[in-house]
Structures are given as C-alpha cells and as structure tokens.
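**Q** Sharing a model that was predicted from the sequence below.
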Amino acid sequence: MKLHLTIILLSCILLLSCKSNMDKEIEVQHYGALRNLMSGNLKTSISLDSLAQKENLYALGALENLKGEIQIFNSAAYISKMNVSNDIKITSSFDHNAALLVYAEVPEWSEAIPLTSFTTNARLEKQIKEAAIKRGVNVDKPFPFLIKGKPSMLKWHVINWKDGDMEHTHKKHQESGPHGAFQNEEVEIIGFYSEKHKAIFTHHTTFLHMHFKTEYKGGLAGHVDEVLSDDQSTIELELYLPK
C-alpha cells in the first residue's frame with residue numbers, strides 16, 4: 001500500500017514539474033503575414049497601444065501601409081520611419097499601428113553564447129538552431145533570440161512604401177526607403193527563428209527575421225537584410241536565448 005502511494009505521489013510530482021516547464025515556455029505571437037503584404041494588404045493587424053503595458057516585451061514588424069519599421073527591446077519601442085526631410089526619425093511612442101508584428105515576452109535571457117564566424121545566413125541559422133537545441137529550446141516552435149556585438153557588416157533598410165503601388169517585390173521593399181550598410185559598429189539585434197512560418201513572418205528563403213538598433217550615426221534602427229561576421233573580425237558576436 002505504501003509503495004502504491006509513493007508511486008502515485010512521484011507521478012503527481014513529475015506531472016506538476018512537466019506542467020511547470022510548459023508554463024515557462026516562451027510563446028511567440030504574430031499578427032499579419034508577409035504574404036498578405038506581398039499581395040497588397042497593408043492594413044492594420046494590431047495596434048501597438050494594446051501591448052504598451054506588457055513587461056519584458058521584444059518585437060519586430062512593419063507599420064501599417066509599410067511606412068516604417070517596428071523594433072521593441074525590453075518594452076522600449078524604437079519605431080523608425082522616414083520624415084519630411086527624407087531622414088530617419090526614431091520615436092519611442094506606442095501610438096502606432098502594425099501591418100505585421102511578431103512578439104514575445106522574455107523575462108530572462110541566457111548567458112552570452114559566442115558565435116563563430118559566418119558569411120552566409122544559413123551558417124547563422126545553423127548556429128542558432130544548434131545552440132537552442134543544446135539549451136533545451138523547442139525548435140519545433142518559433143522562438144526569439146538576441147545578438148549583440150560588432151558584425152563585420154550589416155545591411156539594413158527602413159521601408160517607406162509608395163502609396164498606391166501594388167507591385168510588391170522583396171527588392172522594392174528594401175529600396176523603397178532609406179537603406180544602406182555599415183561595418184564594425186555595436187548593434188543589438190532582435191530576431192525570431194521558425195521553420196514553420198515562411199511567408200508569414202520569415203521570407204521563403206530563411207528561417208530568420210531580424211531587426212536591429214544601434215547608436216551609429218546618432219541612432220539607427222530597422223530591418224536586417226544581411227549580417228556577417230568574417231574570420232578577420234576581432235570581436236565575436238554573442239547570441240542570447242530565452243532562459
């Protein structure tokens with residue numbers, strides 16, 4: 001009888017432990033879809049105001065009508081868009097609407113995970129996936145990540161779509177507003193990894209969607225088109241995963 005009760009108690013403890021681990025799993029939420037944007041549907045999918053009170057919020061996306069980029073790091077917004085002087089303006093206001101948004105609440109991040117050099121997006125994807133598996137992150141579900149450091153090169157854009165233009169291509173999106181590249185500047189990147197959301201919040205050629213912020217040129221934020229870390233780089237990039 002005592003043995004039977006002990007087995008029942010141990011089973012209950014195991015079930016509670018499993019439930020606790022499930023409760024701690026980071027959930028990624030998304031609104032809108034890239035395929036909708038490519039078909040010309042640029043309408044609001046969510047108001048950022050509805051997320052303003054969330055703690056530990058990390059997000060990326062595009063403003064309604066593709067008039068700018070959304071970056072949120074630890075509940076602080078960095079909304080980048082082109083102003084009347086054709087310069088990039090960054091605002092911290094949540095008073096914006098998103099055509100596309102991906103977000104997660106991450107109370108705590110892992111210790112820094114050094115990334116080895118990579119010159120292709122596929123090599124970066126591989127390192128992120130391997131690090132996630134090693135640390136028990138469920139790679140069958142989308143998950144957020146951070147990258148910090150000085151990449152050897154980062155190519156970026158801030159979208160500023162022309163009203164009424166219905167011919168959407170990835171290249172036109174990249175070139176519709178301010179865009180460029182810089183080298184060896186300190187950045188923080190928020191990204192989301194998913195193998196099951198192509199054309200939803202990752203493009204069809206990648207499992208990653210990344211945005212960045214930097215103090216370069218007095219402050220810049222936007223969409224990451226390409227990021228590299230070559231063998232000549234003396235400063236390693238560091239990856240952070242949800243803890």
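**A** In hand now; what should we look at? Numbering: from 1, shown residues only.
**Q** C-alpha from now on. contacts and neighbour counts both.
**A** Fine.
**Q** quick one: low-confidence ranges for the protein?
**A** Counting by pLDDT under 70, the chain contains low-confidence residues at 1-24, 232-235.
**Q** Please name the nearest non-neighbouring residue to the residue nearest in space to the middle of it.
**A** By CA atoms, centre = their mean, the chain has its centre lying nearest to residue 191, at 2.5 Å. Nearest residue to residue 191, sequence neighbours excluded (CA to CA, 6 or more residues apart in numbering): residue 210, at 4.1 Å.
**Q** List the contacts of that neighbour.
**A** 60, 189, 190, 191, 192, 223, 224, 225 (CA atoms under 8 Å, 6 or more residues apart in numbering).
**Q** Please apply the same query to residue 225.
**A** 154, 155, 156, 157, 174, 210.
**Q** what residues are up against the second one?
**A** Residues in contact with residue 155, defined by CA under 8 Å, 6+ apart, are 179, 180, 181, 182, 224, 225, 226, 227.
**Q** can you give me the helices for this structure?
**A** In the chain, the segments counted as helices under DSSP state H are 2-24, 34-38, 121-134, 170-175.
**Q** Against residue 80, how distant is the residue nearest to residue 195 when sequence neighbours are not counted?
**A** With sequence-adjacent residues excluded and distances taken as CA to CA, 6+ apart, residue 195 is closest to residue 207, at 5.3 Å. Taking CA to CA, to the nearest Å as the measure, residue 207 falls 24 Å from residue 80.
**Q** more neighbours, the two?
**A** Each of residue 207 and residue 80 has its neighbours counted (other CA atoms under 10 Å); residue 80 has more, 25 against 21.
**Q** any idea how far the more buried one is from residue 120?
**A** Taking CA to CA as the measure, residue 80 falls 26 Å from residue 120.
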